[in-house]
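J.: for reference, the sequence and a predicted model appear below.
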Amino acid sequence: MSRRRRVRPIHEEEGRPLLSVENLKTYFQTAHGVVKSVDGVSFELERGKTLAVVGESGSGKTVLARSVMGLLPSQNVWREGSVRLGDVDLTRASAAELRQLWGAQVSMVFQDPVTSLNPVVRIGRQITEHLQYHLGMPRGEARRTALSLLRSVGIPEPAARMRWFPHQLSGGMCQRVVIAAAIACGPKLLLADEPTTGLDVTVSAQILDLLGRLQEERYMSVVLVTHDLGVVSGRADEVIVMYAGQVVEQAPTPVIFSDMKMPYTEALMRSVPRLTNPSHTRLPAIPGTPPNPAALPAGCRFAARCPYVQPRCREEPPPLRQAGPRHRFACWYPVGSPEGQQALEANRAAGLPAAAAVV
């Protein structure tokens with residue numbers, strides 16, 4: 001006899017985004033002070049669309065994804081703001097309510113596929129238990145569904161692989177199993193946190209193509225977290241660029257690539273390898289390091305590494321302002337603007353390096 005169905009329904013209002021995040025903040029109390037990992041992030045995501053969250057390591061991308069899910073430590077953490085999935089406010093949901101939502105309505109693909117799987121539980125069980133818990137499937141039906149899922153994500157000989165343990169699979173195969181488990185119950189939202197970390201280029205492309213195909217088939221919304229702007233081209237509808245816990249630019253993907261305004265976005269773009277470059281071409285690196293999240297500067301958080309930096313940048317934090325439809329950026333001297341060009345030329349004339357503001 002099957003178990004009681006546990007899926008909590010999510011009701012979507014017509015004309016409203018599936019996911020709405022407003023002024024989300026996630027701070028951690030540490031021995032070195034308060035770490036502002038996510039500091040006032042807002043965005044919306046429509047059903048069936050892909051939002052890419054881009055930035056260097058330590059920019060707050062993973063904490064943002066975990067904050068949306070509600071996967072945060074129970075102590076020494078402070079979260080403020082609103083995260084709405086349909087008509088449900090995830091920031092106000094209890095632990096029991098979140099357990100009903102995880103896997104059924106919102107799922108996550110974590111960075112390391114090997115450690116994401118239980119090493120002492122067979123692959124098949126790690127998928128069927130989701131189906132039995134959330135959908136109340138009988139064991140036989142859950143097994144048949146798991147076989148179909150493994151086949152859909154490209155696992156060869158799925159019936160045999162059902163009996164394998166994670167250590168018997170390659171990194172790419174483990175990631176496919178993680179994806180199969182994440183989509184097993186048909187979630188409306190999938191958060192993919194660096195889903196190609198540790199995989200070679202060919203396997204990475206296959207995993208990203210797989211996510212795209214599954215999204216189209218299931219009409220899922222996807223938040224794709226990555227440090228590589230090259231990954232999001234052609235795979236995301238909109239891009240958020242994060243730096244030191246804040247959104248510094250947000251725009252539709254074509255706009256980010258053709259008309260970026262934030263110098264940090266420009267620096268990330270220059271670090272993307274290009275097929276047109278000669279062999280062994282050295283990639284430009286962003287000088288300096290991100291600021292200490294427990295001791296953030298008073299002005300722009302990118303000022304210490306910015307080639308456009310001016311005294312105002314060190315003293316006054318720039319607000320997010322509109323550059324066009326759905327295009328926002330935070331910079332006093334934006335790329336391509338007259339004031340930005342003047343600032344850049346003045347720094348070059350003075351012989352200042354890109355990280356001249358480091359003190």
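T.: Nice, thanks for sending it over. Numbers count the residues shown, from 1 in each chain.
J.: in this structure, where's the longest helix?
T.: helix 201-218 (DSSP state H).
J.: show me what it is packed up against.
T.: helix 171-183, strand 189-193, strand 221-226 (3 or more C-beta pairs under 8 Å, 6 or more residues apart in numbering; DSSP states H and E). Yep, even glycine has a C-beta here, placed from its N, CA and C like the rest.
J.: how about residues contacting the second one?
T.: What that stands for is strand 189-193. 18-19, 45, 61-62, 65, 68-69, 85, 105-111, 182-183, 211, 215, 220-225 (C-beta atoms under 8 Å, 6 or more residues apart in numbering).
J.: tilt between that strand and helix 201-218?
T.: 170 degrees (axes from the mean of the first three to the mean of the last three C-alpha atoms, to 10 degrees).
J.: state the pLDDT value of residue 275.
T.: On pLDDT, residue 275 comes in at 69.
J.: what does the one 10 residues further on give?
T.: The predicted structure scores residue 285 at 82 on the pLDDT scale.
J.: and residue 300, by the same measure?
T.: 96.
J.: pretty sure it is in a strand, no?
T.: No: assessed with DSSP: H, G, I helix; E, B strand; the rest coil, residue 300 is coil; it does not lie in a strand.
J.: and the longest helix of the chain, what's buried?
T.: 203, 204, 206, 207, 208, 210, 211, 212, 214, 215 (16 or more other C-beta atoms under 10 Å).
J.: quick one: which of these is nearest residue 273?
T.: residue 204 (13.3 Å; C-beta to C-beta).
J.: residue contacts, the closest one?
T.: 196, 231.
J.: and the pLDDT for it?
T.: 84.
J.: what are the boundaries of the strands in this protein?
T.: Along the chain, the segments classed as strands by DSSP state E run 19-30, 33-45, 50-54, 77-85, 88-89, 106-109, 189-193, 221-226, 238-243, 246-252, 321-324, 327-329.
J.: adjacent strands (with direction) for the first one?
T.: This means strand 19-30. Sheet partners assigned to strand 19-30 using DSSP bridges are listed as strand 33-45 (antiparallel), strand 77-85 (antiparallel).
J.: comparing those, which comes out most buried?
T.: With neighbours taken as mean count of other C-beta atoms under 10 Å, the strands paired with strand 19-30 reach their highest mean count in strand 33-45, at a mean of 19.
J.: and the strands of the chain as JSON lines, adding mean pLDDT and distance to residue 313?
T.: JSON lines is the format used below for the strands of the chain (pLDDT from 0 to 100; distance: least, C-beta to C-beta, whole Å):
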{"stretch": "strand 19-30", "mean pLDDT": "96", "distance to residue 313": "23"}
{"stretch": "strand 33-45", "mean pLDDT": "96", "distance to residue 313": "18"}
{"stretch": "strand 50-54", "mean pLDDT": "97", "distance to residue 313": "22"}
{"stretch": "strand 77-85", "mean pLDDT": "95", "distance to residue 313": "26"}
{"stretch": "strand 88-89", "mean pLDDT": "92", "distance to residue 313": "36"}
{"stretch": "strand 106-109", "mean pLDDT": "94", "distance to residue 313": "36"}
{"stretch": "strand 189-193", "mean pLDDT": "95", "distance to residue 313": "31"}
{"stretch": "strand 221-226", "mean pLDDT": "96", "distance to residue 313": "27"}
{"stretch": "strand 238-243", "mean pLDDT": "97", "distance to residue 313": "13"}
{"stretch": "strand 246-252", "mean pLDDT": "97", "distance to residue 313": "12"}
{"stretch": "strand 321-324", "mean pLDDT": "92", "distance to residue 313": "15"}
{"stretch": "strand 327-329", "mean pLDDT": "97", "distance to residue 313": "14"}
